[in-house]
Each structure stands twice: as structure tokens, then as C-alpha cells.
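Participant: Got a sequence here, can you build the structure:
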Amino acid sequence: YQVPRAEFDALLLEHARKQGVDVRQPATVETVSFDADGVAVTARADGQPLAARARYLVDATGRDALLASTRGARERIPNLGKVALYAHFRGAARASGRDEGNIRIYIFEDGWFWWIPLAGDLTSVGCVMHARTLEAFEGSREALYREMIHRCRRVAAGLAGAEQVIPLHASANFAYRTRPVVGERFLVVGDAAAFVDPIFSGGVHIAMQSGELAARALDAALGARRPGGARFAAYERAVRRGVTPFFRFIHKYYEPAFLDLFLQPRPHFGMIDAVLTVLSGGAFAGMRLRTRLSLALLFSIARVNLWVRRRAGRPVASRLEW
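Facilitator: So this is what the prediction gives:
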């Protein structure tokens, strides 16, 4: 079920080209200007100047977040300042049968690992830790990555005999929202609108869902005489509604009292279904009252568990918070 993001993005781009989209690649946007009639963009494509004009602009620039960087703001989500070090391995251990492609999460004292099986006997293995851990380590990033693997016994065992096939990558500042998301002549989609911590692997779904919603909004705007500002406001509400629960769950994930429940789910009062609804992107379309009540019950039980842990002298604060 997992897909290499770069290959998937290239597949989608090629599909757009086949549908008639004029694709210029590689290209670098230099200026964006709006007026009453639309938007003008200047860029350089293959080293040559390029000018384009349209009625509307879609900012799909990913974590570069073009419009937020040039005329808006990027809001970092507090307490989620994380760094990930990751690489791909060939020959890593795999589960058997239908479980072979399942994502695994390994939690240890210094952070957590993702273990994502890909096609062709490749496995993506990434370690997420607090930024302070990276800043305090005196060696190289490669040495820190190997040290984290050594500290997590299950990951070390799974990589015994495996071959690293790509250089180590690093990514930081995992959680943010940008503004504005809409304007009279533009929409922002995917990672350019928001980026969440990768614990729930929701990035591709958020990008696809926001892209679909944006396409509908644009289709309606192109068929109307007036600019799409009011219609785009509905798109913004849908995106915020869909993304906000991810941020709440990510904050809770790093709290031991909630993690106790999350890692040992019980099929009572629809709580498992409610969590799956949120993490599969169901909030974009709105959540039923039953789902909301189940989530409220889950968070209430977590608060009780917080009290229990505190009374027992067990840790209650996340090791990864600022």
C-alpha cells in the first residue's frame, strides 16, 4: 500500500501532461502578481524566461510554500519541532503473508522509528527525534542515525544484514500551517497549505484530498463570472476541518497517557472506528455525531489515565516536547 513519494508525484505529473496540461520542467518561479482580472507569473524554464497568465493560480509547491513564503506566513505548530533521519534498505526483515506490507512503528526512549515496506524489497527506515537531540550530538548525522538504530533493539535486529541503498536524508520542522490558503485569485493545496508530523502517514492523502477539493472549487469558479473568493472560503474551511484533527492526534501521540490507550485499543463505544475515520481523512467531509462522541470519550479516558499515571509516579510529560 506504500508508494515512493517521488515516483508517485512523477506519475501524477505525467498523467496531467497526458490530459493536456502544459508542463514545463524544470522551472523556477520568480514572481507572482495578482490583479482584478487574474494572475501573472514569471519563471525560468530550462534557463529561458517564461511568462504566463491565468484567471487563477494553484500553489502546489509543497513544503516550499511559495505564496506563504512571499506574501503570507508559515505557522509552526508548538511542541512539534522534530527532525527525521531516514534511508532506504534492501534486504530488511519483513513480515509474512498479508502483513508483509504493513507499516511498523517502533517507539524507544529517544524518539520513534518508522518502518515502511516498499516495492522491490526496499524498506524506508526513518528515525524521528527532537531537534535538540540532533543539535547536541557531536558526530555526523550518519553516526547519529546508526546510534539511534543501535539504541532500538527491534530496528537493529530487522536491519541485520540489510544494505543501505540511498544516502541518508534529513528533514525537519514537521508540523506547520500556512496562510493565506485562499484568495480572490488563488488556492493553496497539499503540503503548501499544511504539513503534519509523519507518524500517521497522512501526507499523500491530505495532498490528494485537498487537490480534489480545490479542483471542484476551481471548476465552479471558472464557470462563474465573478472571482472565486467566496467559493474558495468553503474550500479553506474543508481543508482546515480535515487537517486539524491530525494535529490534535499528533500532540496526543507524544503524551504517555494517551499513547497507553492508542497502542492497546479496545473495541468499545466505536472508539477504534472513530480514530480510523480521522486518520483516514474522514474529517474532510465532516464527522458524524457518533464519531465525535466516541472521540470525546477517548480523550476523556486519556485524561483519567493521566491522573492515574501521575498518582502512580509514572511519567506524564512527553520526552519530545520543547
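
Participant: which phi and psi does the residue most central in space within the chain have?
Facilitator: Centroid check for the chain by Cα atoms, centre = their mean gives Gly203 as the closest residue, at 3.3 Å. Summarising the backbone geometry of Gly203 under the convention degrees, to the nearest 10, its torsions are phi -60, psi -50.

Participant: How about Phe113?
Facilitator: phi -110, psi 140.

Participant: Which pLDDT value goes with it?
Facilitator: The predicted local distance difference test score for Phe113 is 93.

Participant: now do Tyr253
Facilitator: For Tyr253, the predicted pLDDT is 77.

Participant: My understanding was that it contacts Leu263; is that so?
Facilitator: No - look at Tyr253 against Leu263 with Cβ atoms under 8 Å: they stay out of range, at 9.8 Å. Every residue, glycine included, has its C-beta placed from N, CA and C.

Participant: which residues touch Val155?
Facilitator: By Cβ atoms under 8 Å, 6 or more residues apart in numbering, Val155 lies in contact with Tyr106, Phe113, Trp115, Val125, Ile149.

Participant: Out of the residues you listed, which comes closest to Pro49?
Facilitator: When those are ranked by distance to Pro49 (Cβ to Cβ), Val125 comes first, at 42.8 Å.

Participant: residues near the closest one, how many?
Facilitator: The criterion is other Cβ atoms under 10 Å. On that basis, Val125 has 23 neighbouring residues.

Participant: before we move on, the earlier item: how about CSV for the contacts of Val155, with distance to Gly62 and secondary structure added?
Facilitator: Converted to CSV, the contacts of Val155 look like this (distance: Cβ to Cβ, whole Å; DSSP: H, G, I helix; E, B strand; the rest coil):
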residue, distance to Gly62, secondary structure
Tyr106, 27, strand
Phe113, 24, strand
Trp115, 24, strand
Val125, 23, strand
Ile149, 28, helix
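
Participant: Now for those residues: which two are most distant?
Facilitator: Trp115 and Ile149 (11.2 Å).

Participant: which residues are common contacts for those two?
Facilitator: Counting by Cβ under 8 Å, 6+ apart, the shared contacts of Trp115 and Ile149 are Val125, Val155.

Participant: Val39 and Ala51 touch, don't they?
Facilitator: No - under the criterion of Cβ under 8 Å, Val39 is not in contact with Ala51, lying 11.7 Å apart.

Participant: follow-up on the earlier one: which members of the contacts of Val155 are classed as buried?
Facilitator: Those of these that meet the buried threshold are Tyr106, Phe113, Trp115, Val125, Ile149, by 16 or more other Cβ atoms under 10 Å.

Participant: Pretty sure Phe262 sits against Tyr254.
Facilitator: No - assessed by Cβ under 8 Å, Phe262 is found out of contact with Tyr254, at 10.7 Å.

Participant: of the two, who's got more company?
Facilitator: Tyr254 (21 against 14).

Participant: give me phi/psi at the more buried one?
Facilitator: Reported as degrees, to the nearest 10, the phi and psi values for Tyr254 are phi -80, psi 0.

Participant: Return the helix or strand in the protein with minimum mean pLDDT.
Facilitator: Counting by mean pLDDT, DSSP states H and E, the chain has its least confident helix or strand at helix 271-279, which shows a mean of 77.

Participant: What is the distance between it and the centre of its chain?
Facilitator: Its chain's C-alpha centre lies 18 Å from the corresponding centre of helix 271-279 when counted by Cα atoms, centre = their mean, to the nearest Å.

Participant: Buried residues, that helix. List them.
Facilitator: Buried positions in helix 271-279, judged by neighbour count with 16+ other Cβ under 10 Å: Met271, Ala274, Val275, Thr277, Val278, Leu279.

Participant: any idea how far the fifth one is from Asn102?
Facilitator: Think Val278. Distance check for Val278 against Asn102: by Cβ to Cβ, to the nearest Å, it reads 20 Å.

Participant: Could you tell me how many residues sit around the nearest residue to Arg179 once chain neighbours are set aside?
Facilitator: Ranked by Cβ to Cβ, 6 or more residues apart in numbering and with sequence neighbours excluded, the top spatial neighbour of Arg179 is Gly72, at 5.3 Å. By the other Cβ under 10 Å criterion, the neighbourhood of Gly72 contains 17 residues.

Participant: So Gly72 sits against Val182, correct?
Facilitator: No - with contact defined as Cβ under 8 Å, Gly72 does not reach Val182; the gap is 11.0 Å.

Participant: Okay, and the closest residue to Gly139 other than its chain neighbours sits in which element?
Facilitator: Once its chain neighbours are removed from consideration, Gly139 has its nearest residue in Glu147; the separation is 7.8 Å (Cβ to Cβ, 6+ apart). For Glu147, the host element (DSSP states H and E) is helix 141-151.

Participant: on contacts alone, who are the packing partners of that helix?
Facilitator: Using 3 or more Cβ pairs under 8 Å, 6 or more residues apart in numbering; DSSP states H and E as the contact criterion, the neighbours of helix 141-151 among helices and strands are strand 82-90, strand 111-117, strand 122-130, helix 131-136, helix 153-158.

Participant: what's the angle between the third one and helix 141-151?
Facilitator: Per axes from the mean of the first three to the mean of the last three Cα atoms, to 10 degrees, the angle that strand 122-130 makes with helix 141-151 is 90 degrees.

Participant: All set now, cheers.
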